[in-house]
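K.L.:
Sequence and predicted structure below; questions after.
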Amino acid sequence: MRASLLQIDVNDSESVASRRLRVAALVREQAGVDLVVLPELWTTGAFAYEGFEAEAEPLEGPTYEMMAKAASDAGVWLHAGSIPERDPEGALYNTSLVFSPSGELAASYRKIHRFGFDKGEAVLMGAGAELVTVRLPETVIGVATCYDLRFPELFRGLVDAGAETFVLPAGWPERRRSHWTLLAQARAVENQAYVLACGTAGTHAGVPQAGHSIVVDPWGEVLAEAGAGEEILTVEFDPAKVATTREQFPALKDRLLGLDTPRR
Ligand SMILES: O=C(O)CCC(=O)C(=O)O
């Protein structure tokens, strides 16, 4: 299976409309791979909080339209990263969109863990409540977004729902890059699953981004890692390695169920 992670430079000098066009063209150029992945909130920037209100769109808004078309033009599965979604009641969510190669919406996922503690996304956006998996011909993907990477129980939930490959769009800041790499490898090792984590490059809203999109195999080996700038990271991986790793080193079978802490 071949996947391309598009590590987009998200900066304040490019308009959202131009970036949409530019990214759609980049997606089209990936014809021939199986899966294309975009970062979190690449229209506005994950830290451009004022932009959330200004650029919020309905689920089937301009980004949806353009990405559905780009996926079908390229004939690829497209995890189109996330958008600031405004629901019919006016609430905002950080919502990921996954399209099939015919341009149909295969799934949407509202980010469960919102970042910012008592400001930013955590106060401006609502929290998702549902785990999302999508069956591709080669693998079952489990979807998570950026800060979700810090919450291993979410990934265990996705494994229980059948996930073999985690796809994680992000807008991770440079100042915590060491956590990004460490946590991507940890989620892969503990769940014996692939991790495809696609971040942004550049600086927006004064926050330099980590870049360094990364693909980790079920043994924790880094198959590919981007640099700091805009980059297309294309990687070939064998989805069957999830099953062989889980068979040959069956640690997941030793889980003691029932130890989860109650939800607050
Ligand atoms: O957890 C982190 O360090 C970064 C998370 C983040 O930037 C986000 O979720 O948007």
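P.N.:
That came through fine.
K.L.:
Quick check, residue 77 in contact with residue 35.
P.N.:
Yes. With contact defined as C-beta atoms under 8 Å, residue 77 counts as touching residue 35 (4.5 Å). Every residue, glycine included, has its C-beta placed from N, CA and C.
K.L.:
intersection of neighbour lists for these two?
P.N.:
Shared contacts of residue 77 and residue 35, defined by C-beta atoms under 8 Å, 6 or more residues apart in numbering, comprise residue 136.
K.L.:
residues near the residue nearest to residue 137 when sequence neighbours are not counted, how many?
P.N.:
Among residues not flanking residue 137 along the chain, residue 34 sits closest, at 7.9 Å (C-beta to C-beta, 6 or more residues apart in numbering). A count of neighbours around residue 34, defined by other C-beta atoms under 10 Å, yields 19.
K.L.:
Residue 225 now?
P.N.:
17.
K.L.:
Report pLDDT for the residue lying closest to it once chain neighbours are set aside.
P.N.:
On the basis of C-beta to C-beta, 6+ apart, the spatially nearest residue to residue 225 that is not a chain neighbour turns out to be residue 214, at 4.8 Å. In the predicted model, residue 214 carries a pLDDT score of 99.
K.L.:
So what's the residue count around residue 214?
P.N.:
Summarising burial for residue 214: neighbours were counted as other C-beta under 10 Å, giving 25.
K.L.:
Across the sheet, point out what pairs with it.
P.N.:
When bridges are assigned using DSSP bridges, the partners listed for residue 214 are residue 197, residue 225.
K.L.:
Distance check, it against residue 201.
P.N.:
Here the distance between residue 214 and residue 201 works out to 13 Å (C-beta to C-beta, to the nearest Å).
K.L.:
Write out the residues of the stretch 151-264 of the chain neighbouring the ligand.
P.N.:
Listed as neighbours of the ligand in the stretch 151-264 of the chain under the rule C-beta under 6 Å from any ligand atom: 171, 172, 173, 176, 179.
K.L.:
quick one, what contacts the third one?
P.N.:
By C-beta under 8 Å, 6+ apart, the contact set of residue 173 is 47, 207, 208, 209, 210.
K.L.:
What separates the first and last residues of stretch 199-213, distance-wise?
P.N.:
Terminal residues of stretch 199-213 are spaced 5 Å apart (C-alpha to C-alpha, to the nearest Å).
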